[in-house]
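J.: no sequence on this one, just coordinates:
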Ligand SMILES: Cc1cc2nc3c(=O)[nH]c(=O)nc-3n(C[C@H](O)[C@H](O)[C@H](O)COP(=O)(O)OP(=O)(O)OC[C@H]3O[C@@H](n4cnc5c(N)ncnc54)[C@H](O)[C@@H]3O)c2cc1C
Ligand SMILES: NC(=O)c1ccc[n+]([C@@H]2O[C@H](COP(=O)([O-])OP(=O)(O)OC[C@H]3O[C@@H](n4cnc5c(N)ncnc54)[C@H](O)[C@@H]3O)[C@@H](O)[C@H]2O)c1
């Protein structure tokens with residue numbers, strides 16, 4: 001029987017790679033099993049291809065829009081094969097960072113096979129049986145395939161197959177108006193496809209309603225048909241592609257259907273019973289420090305982790321935050337917990353929609369009866385005006401004492417600005433930390449500062465302060 005490894009990792013996506021890299025960097029003996037493509041979702045079927053496609057789409061939109069700046073160009077011609085090559089090129093350029101060679105170079109034993117538990121302290125991957133001191137389950141999540149009559153008749157798409165299409169969809173129907181559905185709707189519309197989004201609730205349902213409304217207007221400009229508050233009740237194949245029936249009785253034809261209705265944890269093949277690891281339908285049940293509730297040797301990270309029953313946070317930056325928690329908790333045995341309070345999320349449409357902390361609705365639902373709601377429209381921001389992009393809004397939600405609870409941003413580059421709000425919320429800094437910050441002029445980031453200034457303006461203009469200023473005026 002061979003010595004146990006210090007850390008066995010199941011899955012080489014963002015979470016597994018980060019954990020394996022940290023542990024190997026500390027000189028620990030690490031084994032990593034990956035059954036599919038190294039790099040997992042974010043590299044092969046998630047962040048990188050979707051952002052690469054969005055960049056191509058933004059470029060096409062820029063050409064169409066150029067007349068606003070006095071530049072006359074012919075309509076863009078979309079070379080789909082070249083767009084695909086750009087997307088594949090982006091994946092290929094990022095791939096070496098996640099590659100088996102890099103990991104092996106760091107001393108990690110990489111096993112390119114599916115892993116499953118055989119005992120509470122052992123996994124099997126391919127022909128290898130590996131005993132472990134610690135195991136991190138980082139097997140990620142897969143697209144949810146809803147149970148819709150007729151779905152079996154058609155060749156539906158998910159994010160795992162969408163980026164491999166040899167030809168552009170003529171009419172892409174998208175089931176789900178969350179981050180994935182909206183990003184891919186805009187990308188394909190700008191690349192010349194007809195797009196219809198079918199959303200059971202409202203688009204961007206987790207996000208602030210005012211932000212969703214602004215995004216709705218922007219997507220309409222791209223010609224995207226949004227069908228909100230309806231279910232897809234049936235799909236049938238026909239000679240042109242498919243016919244979709246909606247719960248309001250409407251029917252329409254489409255050539256392709258993308259399922260963007262959420263994700264489910266990849267639990268099935270792990271044999272969690274043998275590992276004595278408890279899971280819920282949302283993922284591996286862990287405490288706030290990502291340790292399994294039922295097997296102290298086992299931890300979870302990334303999309304598959306369900307810390308304290310709060311559900312997964314399906315973001316690459318959440319996966320790397322998980323790895324940082326595990327570095328402290330699992331490797332150094334220090335207290336550490338995953339705190340999602342300051343975790344940003346961004347929908348990379350144009351404009352981008354970023355959220356950090358609580359939306360107004362969530363803050364009220366959490367029992368904050370009195371709130372200070374501070375807004376600054378992009379139409380009042382010099383940079384946005386100069387660049388001819390005045391649509392958008394920054395909205396801050398604060399306590400009456402000036403502590404920031406949440407920030408919602410609808411703006412170009414909102415994702416680049418989200419971090420500052422994460423810092424304010426995470427470090428519990430007052431709004432004055434933002435108002436006192438010298439920001440370069442003219443920047444979009446100033447909109448947030450102007451919103452925060454709105455908290456202090458009424459106080460500065462109070463009769464007391466005015467009286468004080470009047471009195472000071474008489475001093476020599
Ligand atoms: C289209 C799309 C766009 C996205 N865009 C963004 C974005 O812009 N920003 C953002 O932050 N997030 C984005 N996400 C979410 C992000 O991609 C995921 O949150 C992140 O990739 C999850 O990483 P992970 O390591 O938990 O899982 P994964 O990346 O899914 O990795 C898990 C790995 O485990 C392997 N595995 C599974 N079971 C086993 C087994 N039994 N044995 C061995 N290996 C196994 C899988 O093959 C996989 O490679 C996007 C997702 C999608 C689908
Ligand atoms: N920019 C990003 O960070 C980014 C981009 C894409 C995906 N992701 C991650 O990937 C995960 C999956 O994204 P997603 O957009 O598929 O999931 P999601 O849960 O964010 O959105 C799914 C949407 O589909 C709707 N829906 C579900 N079932 C439906 C049905 N039968 N009919 C009509 N509508 C239905 C829901 O109401 C919801 O609005 C998310 O957790 C997200 O965090 C992140």
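T.: Cool, got the structure. For clarity, every value in this text was computed on a predicted model and none was experimentally measured. Ligands and ions are numbered 1, 2, ... in the order given.

J.: before we move on, what SS does residue 356 have?
T.: strand (DSSP: H, G, I helix; E, B strand; the rest coil).

J.: Need the pLDDT of it.
T.: We have a pLDDT of 98 for residue 356.

J.: same question, residue 403
T.: So residue 403 comes in at 95 (pLDDT).

J.: And for residue 7, the neighbour number?
T.: Applying other C-beta atoms under 10 Å, we find 26 residues neighbouring residue 7. C-beta here means a position set from N, CA and C on the backbone, and glycine is covered the same way.

J.: repeat for the one 3 residues further on
T.: In terms of burial, residue 10 registers 29 neighbours under the definition other C-beta under 10 Å.

J.: now swap in residue 398 and tell me
T.: With other C-beta under 10 Å as criterion, residue 398 counts 24.

J.: Likewise for the one 5 residues further on?
T.: A count of nearby residues for residue 403, using other C-beta under 10 Å, gives 14.

J.: ditto for residue 224
T.: 24.

J.: any idea how far it is from residue 262?
T.: 20 Å (C-beta to C-beta, to the nearest Å).

J.: can you check residue 122 too?
T.: From residue 122 to residue 262 the distance is 33 Å (C-beta to C-beta).

J.: Check residue 82 too.
T.: 32 Å.

J.: More neighbours: which of these two?
T.: Shown here are residue 82 and residue 262; by other C-beta under 10 Å, residue 262 has more neighbours (14 against 10).

J.: what sits against the nearest residue to the more buried one once chain neighbours are set aside?
T.: Spatial nearest neighbour of residue 262, excluding adjacent residues (C-beta to C-beta, 6 or more residues apart in numbering): residue 144 at 4.4 Å. Residue 144 makes contact with 259, 261, 262, 263, 264, according to C-beta atoms under 8 Å, 6 or more residues apart in numbering.

J.: give me that answer again for 6 Å
T.: By C-beta atoms under 6 Å, 6 or more residues apart in numbering, residue 144 lies in contact with 261, 262, 263, 264.

J.: Tell me how many other residues surround residue 276.
T.: Residue 276: 16 surrounding residues under other C-beta under 10 Å.

J.: Domains in the chain, by residue range?
T.: If you go by automatic domain parsing, the domain ranges for the chain are 2-39+99-143+264-332, 151-261, 345-460.

J.: Turn the ones you listed into CSV, including distance to residue 467.
T.: Formatted as CSV, these follow (distance: least, C-beta to C-beta, whole Å):
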stretch, distance to residue 467
domain 2-39+99-143+264-332, 49
domain 151-261, 37
domain 345-460, 13
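
J.: Tell me which of these sits nearest to ligand 2.
T.: domain 151-261 (2.1 Å; C-beta to the nearest ligand atom).

J.: From the chain's centroid, how far away is that closest one?
T.: 19 Å (C-alpha atoms, centre = their mean, to the nearest Å).

J.: How about stretch 45-56?
T.: With C-alpha atoms, centre = their mean, you get 13 Å for stretch 45-56.

J.: about what we covered before: among the domains of the chain, which is the most enclosed?
T.: Of the domains of the chain, the one with the most neighbours on average (mean count of other C-beta atoms under 10 Å) is domain 2-39+99-143+264-332, at a mean of 21.
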